[in-house]
Every structure is written in structure tokens, then in C-alpha cells.
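Visitor: Based on what follows, work out the 3D shape:
(2 chains)
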Amino acid sequence: MKHIYLDNAATTPMAPEVIATMTDQMQNDFGNASSTHYFGQQAHRVLDESRHTLAQNIHAKKDDEIIFTSGATESNNTVIMQTAKKRQSLGKHIITTAIEHHSVMKPLEYLETQGFRVTYLPVDENGLISLDDFQEALDDETILVAIMMGNNEVGSHMPIHEIGEILKDHQAWFLTDATQAFGELEIDVQKDHIDFLSASAHKINGPKGIGILYVRDGLYLDSFIRGGEQEKKRRAGTENIPEIAGFAKAVTLLTPEKKAAERDRFAGFKRQIVDGLRANGIDFEVNGSLAPDTLGHVFNLWIKGISTYVLQMNLDLAGFAISGGSACTAGDLEPSHVLIAMYGQDSPRIKESIRISFGTYTTSDDIDQFVAALTKIVQRIQAKQQREKETV
Amino acid sequence: MMVIDVKDNSQTRVVVGMSGGVDSSVTALLLKQQGYDVVGVFMKNWDDTDDNGVCTATEDYEDVAKVAAKIGIPYYSVNFEKEYWDRVFTYFLDEYKAGRTPNPDVICNKEIKFKAFLDYAMDLDADYIAMGHYAQLRYDQDGVAHLLRGADKNKDQTYFLSSLSQWQLQKAMFPIGGMQKPEVRKIAEEAGLATAHKKDSTGVCFIGERNFKQFLGEYLPAQPGKMMTVDGEIKGQHDGLMYYTIGQRSGLGIGGNGTSNEPWFVVGKDLSKNILYVGQGFHNDLLYSDRLDASGMSWLAPNTHGTDFHATAKFRYRQADIGVTVHLLDDGKANIVFDEPVRAITPGQAVVLYDGEECLGGGTIDAAYKNSQVKALQYV
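Guide: Below you'll find the predicted structure:
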């Protein structure tokens, strides 16, 4: 059976060019970038070039503002935990949103148990915070604001520039988790007054286990991981050169033109799904907004009357990989905190929604097949539900 | 000519309830070998975490993942915590509150594995569900499914399946029912399944290895009271009637003495007076009865035995059959007379009827009698 991958917000397949770069790297330059001999210098060159590529991509002022980490989870944890530690004398208040990724939520929940005050800004049905709420929450004790650039479940695009403007004259540091937005949006950390930014390579056809933390020049956080003096003492551990090279390669493939073209293509996929399901008489609604400035690759649908479980598993058995939410320990699906924040605990959407996410290798034909498969599943289950109603 | 609609095995989807144990692992393996379209599903029915905050179901689910990968089938997990709580656990607590000793596994099969899970499997377009139970199915010429004891007499689980309906049976497959447990383990071992040497789970699923008394105490208020003989001699305190079951020896905290030097056993409960009655000797006369009242009688296949017939019966799991004469009454009630006196008949447990190898069905024990009198002490 052919399996079609529509879960690119979870992770993406690696680009062949990335694989080639990494393979070459592993075969030829195995050195430790901290070594002073020939082999170390070869590795160091790759490290420097890759750092430059990443810095350019987000319009950083200096290459050194990029720290390589194991991924956005580590980057987010580093900023949140180390800022709390370093700045608690200035205040113990942190602002975030109700729909952040768990790598932001969980450290903040921990800090709450340590006497920090955290404001979780509510979101509207489009998955957006209000700037009024934000300004109201901001006070003299606020030391950090952590607001994602684009949401991983519904694709909402937060007003990062406006937040940056408000914060530029405030003591609070500004962290944005750009993991989902990184492959689609043009990022300018200077224009948006961003202090810290996190991203992971595997969301943009790069390898898993590598990410960046952008730290604005002049700010300093103690290394979260103690050890060697790599990354200017800001992140210990031997630099993962093959992955760093692969990350940089993935970034170079994402030119501004390519990003814009992909956004158009993804918007087309959304229309194709909406039109297809409508034509087939499927009762559904879009979770979040279809507005042009949302993330193109993330699409969340409420399929009325059918549980997420049943949809996700049936689609998988039919060969379509989509997401029904994050899996917790026993493979059990946790209700989405994002949909709860948007629609309330009691909304049927919480238990009847699926996320479809597109990527570089998604084709219009994949989408046609997906619409046909979803239609068939929904119609079969509705027929079963109808039979049950009649026999009761 | 009779046309039988036979689907090719590869077109027949079977959803296997995989617990992470060896029996359900081999169940899935055998079906896969027979060419069925097999899907493994783990049921999470109870939310419990260990000392490190890790869900105790995780380890079992990891085993399901390993086995499914080895066999080459897709696997998922489904959460029936709410259904289990509403339909099984609430019943379990209510029965204990009423001073009875319920059998949650019988209800779990009826309400969860062969109802909620079956319904869910139907949503996955399943033709059948399969379980790793030691029980066998045979279809007669009219297409009626009959439930037969598992070939391994030590493992036979028809007792727990006794309250299923014909429709539920028709949707079920028990691929290991014709095997002996050692054979099952051997197959798992030869196939390199991760669960080949895994210990069988014991006891009620949600309690696991924990102290039962402590577990129950977390959900029901215990009311300590007097422990005495039927002649009124006080022997001490009990910790709460719900903690004791008829015929139980351990945990009474009384040594020999009395009229003989024999150990003491629970012989009865009086819920209204909160008294636990104890008597000496395993074969204490007070523990024996010769007939019982049951309710909620149900049949796996349509009952062809009439309203009065002879059969054999089990009054608890893994007990040898006893000959009985069944008299069916109105409203699903029955009066069941034993061929010989039976020890420790316990209200709340299932009485399950057999005709030779076939399990006919059963009901719930409400009260037991001796010499045509209600033994009111024992049977609350």
C-alpha cells in the first residue's frame, strides 16, 4: 500500500540535497571542531559557514548570535530556565500564550511551582492573542515574554513585530519559538526586536536533533548544559557537524522565492480540501483561520460527529498519515490544549478534529486522494451511526 | 445450491485486542499468518501512574509496539477509561458497598472488550475482533455460534465470557482457544516475540499487584465493626465488611482455640448490623449450601434446554464443575439446585452453566440456601 505523508508539522522528510551534504560530511570531515589540528580546522570551517548561513537567514546582526543546540526544545528550555534564574531579582513574572508548544509550557509550569507568576494570554477563535491583553499583562516585574511565531496545530501567526515594538523599551526579554514558521516566513530578528529565537532543522527537510537558539548580541545566558567551552561557553558538547551542515543546507534550499511559492501552493491545497469536502457533502469546519497570513502548511479540520481517534486510525489504515494530536505515554491522544484555548473545554471540536500538514513533497494528487479517502471513511461511519440510530 | 459469501482472508479485517501479554501477541501472530488484514489495538482502561509519574500502561503498550513491529501489523491505542469507570468500576464499587464480591472481569468483557472495543473496531471497518482468551467457538449448521471451553483446561476463560450475547460471539475470534498455554509460549518464542517470557498478569486489571485492601479503602469508606461467631461470641474487630469475602481465611487475626484448634474462616456478613461472622474449620458447615438464586441470566446461544434441566456449573473462576439442576423463573431469574453441597458460594460472583464442553451462559449469584432455608447471615 502507498503511504501518503501529510504530517509535515510533526517532522519532514530530509531533502536529498541535505542527505548528500551530510553524507559527504560524515565521509570526509569527521574532525572535532574544537581541535586545533587540520581535522579540527576542517570541521570548524563547516561550523562557521553553517552559522553564517543561519545568521543570514534570520537577519541576525552577527554570526555569533546563533548557538547550535539539539533542537527548539533545548533552545526554549535554555532561555526560560536560565532567564528565570538570572533575572529573578528584577521580577518573577513571565508572559506567554495559552497555545505554546510543550517545550515552552512545561518549563513555565515548573517555574510556577518555584514561585514565578506566569500569565497565559488567551486566544480567540483564530488562535490569536490580543495586543490589549498583552499590554495589560505586562508589568514592572515581567522579565520574559515567550510567544510563538506560528502555531503548530492551527497555523495562527502571532503579531510578533508589534510585540517586539512594545517590548523594545521594556526590561522583559522576548523569546519567540519560530519552529513552525521557520520554513515559511521571512524572519528578521532585528526589525522585530526579537531577543531569542528557537528553531529546529527537521521541520524544514533537515535532520532531527539539531536546532538553533538565536541570542541577540549583548545578552548572555549561562549554558544550560555544562561541560566544554563550545559555542563560546554558551552550549557545551561537541558540535554536531554533519547535522549542522545538513541544517545549513536545508536553509539554503529555502530561498525567499521558494518560501513564497510554497505558501501559495499550500494555500491551494487548503482550497482543494475545502472545495473537495464540500462537493462531497462532508459536514466540517476549519479550526482557526484561512486568512492569507496564517501558516500555509498547517491545516486543522473539525469533522463533525466523528472522533479524532477513529479518523486518524482509519486514515492511517487507508495509507494517509495525519495528526490526531500529540501522543502521550500509552499511545493515548491528549486533548489539544490549543483547540481548548480557542473553543473551550466543552467544544465538540476538541474530540473531532484532525491536523493535516503539507510539505515540499506534497502534491495536488496526494490531496485529491486524501479528500477521496476521508470522504469514504466519513460516509461509512455516518452510515454506521445512522444504522445504530435506527435500531435504537 | 447454497451460496456462501466467503471473503478472502486478506479482505477480512480483524482488530486484535492486544494487552501486551503473550496470549494476545500470539493471537495477532496467528491471524497474520493466516493472511488476515490484522490491526492491533491496545485498550487503556485505567489511569494509573507509578512513583515516577509514568503511566503504568506504558510498558505494556511498548510491548504491543514491539510485537506489532515484529509481526508487521499496524497498531494503535484507544482510551476507554471513561467507559470502564462508568460501566465497570462503578458497578464494582456498588457491589462492594452492597457487601457482595463482584467479578469485574465478567462485566469488563460484556461492556468494554465486547462492546466499547467492538464498536470501535467496527468504526475501523473490522469484520471481526480477536482476543487472546482461552475459549473456542463452533458454528452449527444454522450459523449459531457456540462457546466451548478452551482446550487448556487450566486456562479455560469461558467463565469470564459467559455474559456475552450471540451477536458479540459472532463478531469474535479466539485463535489460541484450541491450544495449551505452553504451546502458545513456544510459538511466541519461536517467532521472537518480545512477550514470549512475560509473566501472566494476575488479579483484577486495575488493581494489579497492589494491596487490594488499600486499593478499596481509597474509594470506599471502611466501617470497622464486630467480628463474632453465629452464637454471639465476639472474636475481635473487622476492618470493614467490604474487605472480606465468604470462605476467606487470611487476615482475620485470630488464631486457633475455640471449640477445636482449627483456623477461622469468614462464614457470613450482616450488612445492616455491620457484623462479620466467623467460624472454625475450612469445612465449616456454615460455608456449605445446596442451592442458589441467580438473576440476570443470559444465554450465549439461544437456550434449547427448556426451563428445567440438568447441567454443570461453576460458581467462581477455575473451580471444578458441579452438577446442578436449573429452574428458570421469570425476569431472567433462576433457582439452581446443586447435586452436592458446595462451599463458599459468594453473592456477586457469576454462576456459569455448561453442557459438556459448551458454555451455555450464566447469571449473577444473589443468595444461597441450605436445607431450603435462607442462610441470612452469610447472604446479605
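Visitor: in chain B, what residue is nearest chain A?
Guide: Across chain B, the shortest distance to chain A (Cβ to the nearest Cβ) belongs to B:Ser77, at 3.3 Å. Where you see a C-beta, it was placed from the backbone N, CA and C, and this is true even at glycine.
Visitor: my read: that residue touches B:Gly40, true?
Guide: No. B:Ser77 is beyond contact range of B:Gly40, at 9.5 Å (criterion: Cβ atoms under 8 Å).
Visitor: where do the contact lists of those two overlap?
Guide: Applying Cβ atoms under 8 Å, 6 or more residues apart in numbering or on different chains, one finds that B:Ser77 and B:Gly40 are jointly contacted by B:Val64.
Visitor: returning to what we had before: just to confirm, what's the three-state secondary structure of the residue of chain B closest to chain A?
Guide: Per DSSP: H, G, I helix; E, B strand; the rest coil, the local secondary structure of B:Ser77 is strand.
Visitor: Identify the bridge partners of it.
Guide: According to DSSP bridges, the residues that bridge with B:Ser77 are B:Phe42.
Visitor: Neighbours of it, how many?
Guide: Residues lying near B:Ser77 (other Cβ atoms under 10 Å in any protein chain shown) number 24.
Visitor: Same question for A:Pro335.
Guide: With other Cβ under 10 Å as criterion, A:Pro335 counts 14.
Visitor: Please apply the same query to A:Gln56.
Guide: A total of 13 residues lie near A:Gln56 under the criterion other Cβ under 10 Å.
Visitor: So it versus B:Gln237, what's the distance?
Guide: The gap separating A:Gln56 from B:Gln237 is 80 Å, by Cβ to Cβ, to the nearest Å.
Visitor: what's around B:Lys199, how many residues?
Guide: Neighbour tally, B:Lys199, other Cβ under 10 Å: 8.
Visitor: Equivalent analysis for A:Met22, please.
Guide: Neighbour tally, A:Met22, other Cβ under 10 Å: 21.
Visitor: what does chain B put close to chain A?
Guide: Taking Cβ under 8 Å from any Cβ of the partner chain as the contact definition, chain B meets chain A at B:39, B:42, B:44, B:54-55, B:57-58, B:60-61, B:65, B:74, B:76-79, B:120, B:122-125.
Visitor: one more time with 7 Å, if that's ok
Guide: Residues of chain B found near chain A, taking Cβ under 7 Å from any Cβ of the partner chain as the criterion, are B:39, B:42, B:44, B:54-55, B:57-58, B:61, B:74, B:76-79, B:122-125.
Visitor: Only whichever of the residues you listed are buried, select them in PyMOL.
Guide: Buried residues within these, by 16 or more other Cβ atoms under 10 Å in any protein chain shown, are selected in PyMOL with:
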select buried, chain B and resi 39+42+44+55+57+58+61+76+77+78+79+122+123+124+125
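Visitor: If we ignore the residues flanking it in sequence, what's nearest B:Val324?
Guide: Distances taken as Cβ to Cβ, 6 or more residues apart in numbering or on different chains place B:Ala313 nearest to B:Val324, at 4.5 Å, with adjacent residues excluded.
Visitor: The one you found contacts B:Gln319, correct?
Guide: No. B:Ala313 is not in contact with B:Gln319 according to Cβ atoms under 7 Å; the separation is 9.2 Å.
Visitor: Mind checking which of these two has more residues around it?
Guide: More crowded of B:Ala313 and B:Gln319, by other Cβ under 10 Å: B:Ala313, with 24 against 15.
Visitor: where's the more buried one, which helix or strand?
Guide: strand B:308-314 (DSSP states H and E).
Visitor: And for whichever helix or strand comes after that strand, what's in contact with it?
Guide: Moving toward the C-terminus from strand B:308-314, the next helix or strand (DSSP H and E) is strand B:322-328. The contact list for strand B:322-328 (Cβ atoms under 7 Å, 6 or more residues apart in numbering or on different chains) reads B:297, B:307-313, B:334-340, B:342, B:353.
Visitor: just stretch B:125-141 next, same as before
Guide: Applying Cβ under 7 Å, 6+ apart, the external contacts of stretch B:125-141 come out as A:380, B:12-17, B:21, B:23-24, B:26-27, B:31, B:113, B:117-118, B:121, B:145-152, B:155-158, B:161, B:169, B:171-178.
Visitor: Go through those and flag which are in strands.
Guide: Among the contacts of stretch B:125-141, the ones falling in strands (DSSP state E) are B:13-17, B:145-149, B:172-173.
Visitor: what's the closest non-adjacent residue to residue 292?
Guide: Unless you meant another one, I'm taking chain A. Nearest to A:Pro292 is A:Ala267, by Cβ to Cβ, 6+ apart, at 7.0 Å.
Visitor: nope, chain B please
Guide: Once flanking residues are discounted, B:Leu292 sits nearest to B:Ala368: 4.4 Å by Cβ to Cβ, 6+ apart.
Visitor: sec struct for the one you found, please.
Guide: Assignment for B:Ala368 (three-state DSSP): strand.
Visitor: all strands for chain A, in order.
Guide: A:4-5, A:66-69, A:93-97, A:117-121, A:142-146, A:173-177, A:196-200, A:211-215, A:284-286, A:298-303, A:320-321, A:353-357.
Visitor: As a markdown table, those strands with distance to B:Gly268 and mean neighbour count would be great.
Guide: Formatted as a markdown table, the strands of chain A follow (distance: least, Cβ to Cβ, whole Å; neighbours: other Cβ atoms under 10 Å in any protein chain shown):
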| stretch | distance to B:Gly268 | mean neighbour count |
| --- | --- | --- |
| strand A:4-5 | 65 | 20 |
| strand A:66-69 | 69 | 25 |
| strand A:93-97 | 62 | 25 |
| strand A:117-121 | 58 | 18 |
| strand A:142-146 | 65 | 24 |
| strand A:173-177 | 66 | 27 |
| strand A:196-200 | 67 | 29 |
| strand A:211-215 | 68 | 26 |
| strand A:284-286 | 61 | 16 |
| strand A:298-303 | 57 | 24 |
| strand A:320-321 | 60 | 20 |
| strand A:353-357 | 55 | 27 |
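Visitor: Nearest to chain B among these would be which one?
Guide: strand A:320-321 (11.2 Å).
Visitor: Now that closest one: average pLDDT?
Guide: Strand A:320-321 comes out with an average pLDDT of 98.
Visitor: okay, now whichever residue of the stretch 51-200 of chain A sits closest to chain B: neighbour count?
Guide: Here the residue of the stretch 51-200 of chain A nearest chain B is A:Lys106; by Cβ to the nearest Cβ that distance is 12.6 Å. Neighbour count for A:Lys106, taken as other Cβ under 10 Å: 15.
Visitor: can you check the one 3 residues further on too?
Guide: A total of 13 residues lie near A:Glu109 under the criterion other Cβ under 10 Å.
Visitor: ok, the closest residue to it other than its chain neighbours - contacts?
Guide: Among residues not flanking A:Glu109 along the chain, A:Val118 sits closest, at 7.8 Å (Cβ to Cβ, 6+ apart). Residues in contact with A:Val118, defined by Cβ under 7 Å, 6+ apart, are A:94, A:96, A:108, A:111-112.
Visitor: And A:Phe68, by the same measure?
Guide: By Cβ under 7 Å, 6+ apart, the neighbours of A:Phe68 are A:210, A:212, A:231, A:235, A:239, A:244.
Visitor: from what I can see the fifth one touches A:Ala33, true?
Guide: Yes. Counting by Cβ under 7 Å, a contact exists between A:Glu239 and A:Ala33, whose distance comes to 4.6 Å.
Visitor: so where is chain B shaky, pLDDT-wise?
Guide: Where chain B drops to pLDDT under 70, the residues are B:1-6, B:202-205, B:208-209, B:250, B:255-259, B:372-380.
Visitor: name the helices or strands packed onto the helix ranked longest in it?
Guide: Determined from DSSP state H, the single longest helix within chain B is helix B:57-71. Packed against helix B:57-71, as judged by 3 or more Cβ pairs under 7 Å, 6 or more residues apart in numbering or on different chains; DSSP states H and E, are the following elements: helix B:22-33, strand B:37-44, strand B:75-79.
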